[in-house]
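A.B. asks: Here's my sequence, what's the structure:
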Amino acid sequence: MDGYSRLAGNRTLRNAGGTELAANAGLIVALFLAFYVGFGLPILWAINYYIPSFFDGFGRRSLVGTLLYPFGSLRFEYVFVAALQMAVRYTLIVILFWRAWHSPLTLKLVAIAFLVAPTGGYLFHTAGYPEDILYLALLAAIHVRPLPALLIMGATLFVQELAAFTVIPLYVTSLVLRREFRTAIVHGAVLVAVFAFIYLFFQTVPSEMIEALLARLRSVARYPVDESYYQLFRNDFVGERMRNYYMPPARYLTRALLMVACVSVVVAVAFYRRSDRWFGVLNVLCVLGACLAPLLLGFFGWDVFRWVFLSLLSSLFVLLFIGRTTPAPAAMTVAALLVGFALVGHLEYFDGAHPRPILPYTRFIDFWQAELPQILGKALSR
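C.D. replies: This is a model prediction of the structure:
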């Protein structure tokens, strides 16, 4: 019997190893597929995220520009800024890939489904947006001591105040899941106070300061400046912008929102603990709130498909980085929902761009041989 047991055990190990190898191969293929579908360089609007600084008279969204201020006029060059933005985005992608690679099989399948779904292409398409810095800051904060973590998360609000709806709920949730309730309450209150400070004192920028920065930018930049970005600093957070941007519903948006809600609920339920009912309920509420919080941005900004993407990205972060263990049935359900999203879902791209079609095969070959070099060459000429 011992010989038969050893034989069966060896066969089981070989099967497990084969499954793991297949999942790793699938992860690599899914990554290249997502790159092909959505690859793009930072659009002109996104370049502006790295330009305004505190020394130019800007308060909110000024931290990155302030750090780049010593570079002088170089911070107005498209190639310089875009290279930094691409480096930040691909650092985030590498970390996500590395984490998925070293995760259990079920989470590998979730990551594969995320990359194959419209979210994968969107991840590569939206390079340059400040969420990259925010989510990298979140990863740093959940791995350091409380005081540095609080400083890091406070700084994210000066990268983009919308961190209050994206990474800060995830950060507080990570503290709750670790049962650091006092730290969660104190840090949450401090971060709310920082957001209130920005809301009260840094909402707008005097017109003369905006015009001064734009004049300098026009005189140096060798690309057409998207000046519409700076209208954000002329308007309050609310006012005319405070409306429901989900209505009337955009194409495919209802299905996208339903997918987000389903994934978020499944992720939340995965962290319910029967052994401690009240703590389990708290887990579910915090995870659900953190995953759905980005959708609240649909009442402040028009790019609603971006908020849908961030909600799904937050759900992925909970599974890969914040939760300690995820039941296999929950992970497999999330993967199945993302596969469903791949079949019927859609995320609209910026500046009239579209996801590249997987078929015909010649289109895929043409991208690597002609389109990709053309995109890079055009960027270098700016």
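
A.B. asks: Give me the neighbour count for V284.
C.D. replies: V284 has 18 neighbours, counted by other CB atoms under 10 Å. All C-beta atoms are positioned from the backbone trio N, CA, C, and that covers glycine.

A.B. asks: what's near enough to touch it?
C.D. replies: Going by CB atoms under 8 Å, 6 or more residues apart in numbering, V284 touches A268, V269, F271, Y272.

A.B. asks: 6 Å - rerun?
C.D. replies: If a contact means CB atoms under 6 Å, 6 or more residues apart in numbering, then V284 has A268, Y272 as its contacts.

A.B. asks: does it belong to a helix or a strand, and which?
C.D. replies: helix 277-292 (DSSP states H and E).

A.B. asks: how far does that helix sit from the chain's center?
C.D. replies: Centroid displacement of helix 277-292 relative to its chain, using CA atoms, centre = their mean, to the nearest Å, is 21 Å.

A.B. asks: Let's test this: mean pLDDT of it, rounded?
C.D. replies: For helix 277-292, mean pLDDT rounds to 93.

A.B. asks: Tell me how far V190 lies from L151.
C.D. replies: 10 Å (CB to CB, to the nearest Å).

A.B. asks: ugh, typo on my part, it should be F35
C.D. replies: Distance from F35 to L151, by CB to CB: 34 Å.

A.B. asks: So which other helices or strands are in contact with the host helix or strand of G188?
C.D. replies: Counting by DSSP H and E, the element that carries G188 is helix 181-201. Under the contact criterion of 3 or more CB pairs under 6 Å, 6 or more residues apart in numbering; DSSP states H and E, helix 181-201 touches helix 146-159, helix 167-177.

A.B. asks: which of those sits most buried?
C.D. replies: Most buried of the helices and strands packed on helix 181-201 by mean neighbour count (mean count of other CB atoms under 10 Å) is helix 167-177; its value is a mean of 25.

A.B. asks: other SSEs contacting that one?
C.D. replies: Looks like helix 167-177 contacts helix 131-141, helix 146-159, helix 181-201, helix 277-292 (3+ CB pairs under 6 Å, 6+ apart).

A.B. asks: Flag whichever of those has the least confidence on average.
C.D. replies: Among the helices and strands packed on helix 167-177, helix 277-292 scores lowest, with a mean of 93.

A.B. asks: Can you check what angle separates that helix from helix 181-201?
C.D. replies: 30 degrees (axes from the mean of the first three to the mean of the last three CA atoms, to 10 degrees).

A.B. asks: Would you mark the buried spots in helix 277-292?
C.D. replies: F279, L282, N283, V284, C286, V287, L288, G289, A290, C291, L292 (16 or more other CB atoms under 10 Å).

A.B. asks: how about that helix as PDB, C-alpha atoms only?
C.D. replies: Backbone C-alpha positions of helix 277-292 (Å, rounded to 0.1, in the frame of the first residue of the first chain) are rendered in PDB as follows:
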ATOM      1  CA  ARG A 277     -19.800  37.800  13.800                       C
ATOM      2  CA  TRP A 278     -19.400  41.500  14.500                       C
ATOM      3  CA  PHE A 279     -15.800  41.600  13.300                       C
ATOM      4  CA  GLY A 280     -16.900  39.700  10.200                       C
ATOM      5  CA  VAL A 281     -19.700  42.200   9.400                       C
ATOM      6  CA  LEU A 282     -17.200  45.100   9.900                       C
ATOM      7  CA  ASN A 283     -14.800  43.400   7.500                       C
ATOM      8  CA  VAL A 284     -17.600  43.100   4.900                       C
ATOM      9  CA  LEU A 285     -18.700  46.700   5.300                       C
ATOM     10  CA  CYS A 286     -15.200  48.100   5.100                       C
ATOM     11  CA  VAL A 287     -14.100  46.000   2.000                       C
ATOM     12  CA  LEU A 288     -17.400  46.700   0.300                       C
ATOM     13  CA  GLY A 289     -17.100  50.400   1.000                       C
ATOM     14  CA  ALA A 290     -13.400  50.500  -0.200                       C
ATOM     15  CA  CYS A 291     -14.200  48.700  -3.400                       C
ATOM     16  CA  LEU A 292     -17.200  50.800  -4.300                       C
END
